[in-house]
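Q: what follows is a predicted structure for the sequence shown.
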Amino acid sequence: MLTIRSYLFAMVSPLSQPNSRLPRWLLASIAGAAVCAIPLAALLAQPRAQASFTVEETGRGYGSLQAAVDAIGNREGTVVIAPGNWNECAVQREGVVHFRAAQAGKALLGGKACEGKAALVLRGRGASVDGLVFADISVADGNGAGIRLEEGPLKVSQSWFRDSQQGILTTNGVESELVIDKSTFTRLGTCENSAGCAHSIYVGDYGSLKVTRTRFEQGVGGHYLKSRTARIVIEDCSFDDSNGRGTNYLIDLPNGGSGTIRRNWFVQGRDKENWSALIAIGAEGAQYASDGLEISGNTAQLVPGLSRNPAFVADWTGDALVIENNDLGPGVKRFERR
């Protein structure tokens with residue numbers, strides 16, 4: 001490959017033909033122009049073996065996550081993140097970017113939030129996250145998250161969100177989708193900020209939400225899953241509040257919505273800010289109809305030795321919910337109209 005160095009060597013080397021040499025002032029001008037013509041992302045590129053962040057399609061490595069994302073630009077590409085604890089964040093402004101850990105569970109983005117929001121701020125044409133860990137993210141307004149989703153569809157798989165104010169937070173007013181599979185949300189949430197509560201997952205009016213085969217545990221405030229979307233699917237998940245502190249609902253659909261809540265496992269713990277219900281429907285006003293919302297095949301119980309009577313489902317909408325075939329432990333009421 002012809003590099004700047006080899007190019008200049010050919011220009012001035014005594015091994016080159018005399019009539020091929022150029023004046024030194026012209027060589028200097030050519031060299032300066034050549035360097036200026038190289039994109040910034042390329043100047044930051046590292047050899048693949050040393051790279052922390054590699055664009056898979058080109059094989060180029062970069063010294064920062066943002067440089068790797070910028071190198072993809074408006075195209076579609078994959079950023080492979082090497083094992084390690086990275087104090088890095090990035091903003092995706094265009095294109096479709098796939099973020100993937102080189103080894104699932106071994107690449108951590110922690111302690112840094114771009115734009116005062118999150119480790120990943122996503123507002124391109126689409127994104128996916130696979131195998132990453134997000135940890136120790138907090139910001140002044142109490143909404144520090146692993147991911148802030150502002151535009152486009154997002155798929156998250158085999159990822160762990162822990163010890164932050166929120167796991168995933170979205171904007172409002174976007175017709176798109178968020179899909180989460182085989183992931184874990186641990187020690188998230190807070191109600192200690194003037195902006196209101198933060199939650200393990202807080203999805204605004206974003207179109208649709210699908211969460212499958214995912215675990216929620218040890219919440220430290222707010223709800224485990226709060227969604228204002230019109231359509232929801234929550235299936236084969238576990239909500240383990242046994243070691244939670246100051247938590248509220250396990251699932252909160254404050255504006256209603258249709259879809260399914262099926263085959264999940266719920267445990268309500270002792271330390272609650274609000275223990276009156278496990279699942280809340282329409283508590284802040286029914287923006288979307290909940291007729292036909294299916295809540296079935298779930299298991300719900302209290303931690304051993306706890307005596308109280310929360311509702312499994314509390315409903316403010318008055319819509320025709322389908323609540324059937326749920327296995328409820330002692331003290332848990334099937335339904336309560338509010």
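A: Received, thanks.

Q: bridging residues for Thr190?
A: Thr190 has these beta-bridge partners by DSSP bridges: Ala198.

Q: and Ala140, how many residues sit next to it?
A: 10 (other Cβ atoms under 10 Å). Placement of C-beta: from N, CA and C, glycine included.

Q: need phi/psi at it.
A: phi -60, psi -40 (degrees, to the nearest 10).

Q: correct me if wrong: it contacts Gln165.
A: No - in this structure Ala140 lies outside contact range of Gln165 using Cβ atoms under 8 Å: 10.4 Å.

Q: okay, and the common contacts of the two?
A: With contacts defined as Cβ atoms under 8 Å, 6 or more residues apart in numbering, no residue is shared by Ala140 and Gln165.

Q: so what touches the helix or strand encompassing Ala280?
A: Per DSSP states H and E, Ala280 falls inside strand 277-281. Residues from elsewhere that reach strand 277-281 (Cβ under 8 Å, 6+ apart): 239, 249-254, 256, 261, 266, 268, 290, 293, 295, 300, 310-317, 319, 321, 332, 336.

Q: low-confidence bits of the stretch 151-300 of the chain, can you list those?
A: Within the stretch 151-300 of the chain, no range satisfies pLDDT under 70.

Q: can you map out the helices along it?
A: Using DSSP state H, counting those that start in this stretch, the stretch 151-300 of the chain contains no helices.

Q: likewise the stretch 1-150 of the chain?
A: For the stretch 1-150 of the chain, the helices defined by DSSP H, counting those that start in this stretch occupy 4-12, 24-37, 40-43, 65-72.

Q: these: lowest mean pLDDT?
A: Note on those: helix 4-12 shows the lowest mean pLDDT, a mean of 35.

Q: spit out the contact partners of Asn264.
A: So Asn264 contacts Ile234, Glu235, Asp236, Cys237, Ser238, Phe239, Asn298, Thr299 (Cβ under 8 Å, 6+ apart).

Q: give me the beta-bridge partners of the closest residue to Gln66 other than its chain neighbours?
A: Using Cβ to Cβ, 6 or more residues apart in numbering and skipping residues adjacent in sequence, the residue nearest Gln66 is Ala90, 4.6 Å away. Note on Ala90: beta-bridge partners Leu120, judged by DSSP bridges.

Q: neighbours around Ala90, how many?
A: Ala90, neighbours per other Cβ under 10 Å, totals 24.

Q: residue contacts, it?
A: Leu65, Gln66, Ala68, Val69, Cys114, Ala119, Leu120, Val121.

Q: which members of the residues you listed are the farthest-apart pair?
A: Ala68 and Val121 (14.8 Å; Cβ to Cβ).

Q: neighbour count: the two, which is higher?
A: Per other Cβ under 10 Å, whichever of Ala68 and Val121 has more neighbours is Ala68, with 30 against 20.

Q: so that one touches Glu57, yeah?
A: No - distance between Ala68 and Glu57: 11.2 Å, which falls outside the contact criterion (Cβ under 8 Å).

Q: what's the distance between the nearest residue to Ala135 once chain neighbours are set aside and Ile81?
A: Excluding the flanking residues, the one nearest Ala135 by Cβ to Cβ, 6+ apart is Gly110, at 4.2 Å. Counting by Cβ to Cβ, to the nearest Å, the separation of Gly110 from Ile81 is 12 Å.

Q: between the two, which one's more packed in?
A: Ile81 (25 against 19).
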